[in-house]
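Asker: only geometry, no sequence info:
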């Protein structure tokens with residue numbers, strides 16, 4: 001005997017499966033230096049939001065809309081996106097540093113305990129085992145301590161950047177005319193291809209060597225490709241294959257004011 005099959009039932013189940021598959025489709029697009037998650041749904045209009053706590057950008061779009069239109073829409077909101085991400089970072093920011101003894105500070109991806117030493121010597125900073133020793137004038141206030149430590153951080157970052165820039169100038173066959181270090185609220189670095197100048201965030205000195213090198217490569221690649229298009233991503237894949245992991249790590253870390 002043959003077992004009877006309900007063809008209509010099978011067809012209905014197949015329809016349901018198709019509907020489940022079509023409930024949502026997720027992909028990624030790059031907006032300048034920001035990743036955005038695109039979810040296609042059964043909706044009529046585009047929706048964009050920036051989600052705490054890490055400022056993840058999410059775009060909801062109709063199934064029929066192509067990626068180019070979605071990206072153009074999202075790019076038109078880029079200024080708003082940056083402002084929202086900055087607001088979120090400010091809301092979840094760690095307690096302000098006081099530059100006092102036993103406070104945790106970072107250097108090259110490692111944590112150190114701050115030790116403040118008041119003496120009559122010229123101000124200087126040194127690393128001793130798991131401590132950052134900061135020698136300051138007697139009675140130096142918090143702002144003075146911060147200034148001394150940041151000056152040391154800046155010198156260290158310059159020393160770290162010089163060989164990295166030379167290394168990647170040779171590999172990429174590009175030249176950097178000048179670079180500077182700044183405190184930036186929303187970017188780890190920026191590049192002006194026209195003048196071959198690059199700016200690095202001072203906070204990078206606190207991050208891992210891999211993350212610092214990623215930003216160096218990222219900014220120097222902009223001398224070959226100004227925008228964050230497919231060619232830019234292909235160059236990053238070619239020269240620094242783990243760049244996406246580094247970017248993810250940095251995107252999960254807070255920028256300081």
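Answerer: Received the coordinates, thanks. None of these values were measured; they are calculated from a predicted model. Residues are numbered from 1 along each chain as shown.
Asker: domain boundaries for the chain, per the record?
Answerer: 7-92, 104-251 (automatic domain parsing).
Asker: need the distance between the two termini of stretch 60-76.
Answerer: 15 Å (Cα to Cα, to the nearest Å).
Asker: list the buried residues in that stretch.
Answerer: 60-61, 70-71, 74 (16 or more other Cβ atoms under 10 Å). (Each C-beta comes from the backbone N, C-alpha and C, glycine too.)
Asker: among those residues, which pair sits farthest apart?
Answerer: Farthest-apart pair in these is 60 and 71; separation 14.2 Å (Cβ to Cβ).
Asker: what is the subsequent helix or strand relative to the longest helix anywhere in the chain?
Answerer: Longest helix in the chain, counting residues (DSSP state H): helix 142-172. Using DSSP states H and E, the next helix or strand after helix 142-172 towards the C-terminus is strand 178-182.
Asker: what pairs with that next one, parallel or antiparallel?
Answerer: Sheet pairing for strand 178-182, assigned by DSSP bridges, gives strand 197-201 (parallel).
Asker: please name every helix or strand in contact with the following helix or strand past the partner strand.
Answerer: Of the helices and strands lying after strand 197-201 in sequence (DSSP H and E), the nearest is helix 209-221. Contacts defined by 3 or more Cβ pairs under 8 Å, 6 or more residues apart in numbering; DSSP states H and E place helix 209-221 against helix 142-172, strand 189-192, strand 197-201, helix 230-239, helix 243-251.
Asker: and of the ones you listed, who's closest to residue 103?
Answerer: helix 142-172 (10.1 Å).
Asker: by how many degrees do that closest one and strand 197-201 diverge?
Answerer: 130 degrees (axes from the mean of the first three to the mean of the last three Cα atoms, to 10 degrees).
Asker: which strands and helices sit next to helix 142-172?
Answerer: So helix 142-172, by 3+ Cβ pairs under 8 Å, 6+ apart, packs with strand 104-107, strand 124-128, strand 131-136, strand 178-182, helix 209-221, helix 230-239.
Asker: may I see the buried residues of the third one?
Answerer: Going by neighbour count (16+ other Cβ under 10 Å), the buried part of strand 131-136 is 132-136.
Asker: please work out which of the domains of the chain is packed deepest.
Answerer: Of all the domains of the chain, domain 104-251 carries the top mean neighbour count, a mean of 16, counting by mean count of other Cβ atoms under 10 Å.
Asker: can you get me the start-to-end distance on that one?
Answerer: 21 Å.
Asker: what of stretch 43-60?
Answerer: 8 Å.
Asker: now that stretch: mean pLDDT?
Answerer: The average pLDDT within stretch 43-60 is 86.
Asker: that stretch: how far from the chain's middle?
Answerer: 18 Å (Cα atoms, centre = their mean, to the nearest Å).
Asker: before we move on, what about stretch 217-224?
Answerer: 15 Å.
Asker: what do you get for stretch 117-133?
Answerer: For stretch 117-133, the distance to the chain centre is 31 Å (Cα atoms, centre = their mean).
Asker: how far does that stretch stretch from start to finish?
Answerer: Using Cα to Cα, first and last residues of stretch 117-133 are 7 Å apart.
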